[in-house]
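>>> Sequence below, structure please.
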Amino acid sequence: MTRDHYYIYPTDKNGNKTGHTICVLMKDGKIFHGTSLCSPNDQFEYARGRELSMDRALEAYERHLARLEQQELDREVR
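Residues are numbered from 1 along each chain as shown. Sure thing, here's the model as predicted:
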């Protein structure tokens, strides 16, 4: 079974966590991403970062679908 998403946890040049979580989502042959950024004063939690970044990647996918739908409607009007 192939996964449709991956998480990336960037580090700084010294290998320390930056508080970023990036979700890369692959749908319909396209790539979408969402990012979560933790403040230096926050307690970093992998689960919360994954949740936020996945939500944002899915929002990007939904915006893509909405654009495709609008383009189709525009073609019908012409």
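
>>> Any idea how many residues pack against S53?
24 (other CB atoms under 10 Å). Bear in mind the C-beta positions are built from the backbone N, C-alpha and C, glycine included.

>>> give me phi/psi at it?
Dihedral pair for S53: phi -70, psi -40, per degrees, to the nearest 10.

>>> Identify the residues contacting stretch 12-23?
With contacts defined as CB atoms under 8 Å, 6 or more residues apart in numbering, stretch 12-23 is touched by 5-11, 33-40, 42, 44, 46, 49-50, 52-54, 56-57.

>>> Could you pull out the strands in the protein for me?
5-8, 20-27, 30-37 (DSSP state E).

>>> residues in contact with the first one?
Right, the one you point to is strand 5-8. So strand 5-8 is in contact with 20-26, 49-50, 53-54, 57, going by CB under 8 Å, 6+ apart.

>>> And stretch 63-70, by the same measure?
Contacts for stretch 63-70 (CB under 8 Å, 6+ apart): 30, 32.

>>> Show the average pLDDT along it.
Here stretch 63-70 scores 94 as its mean pLDDT.
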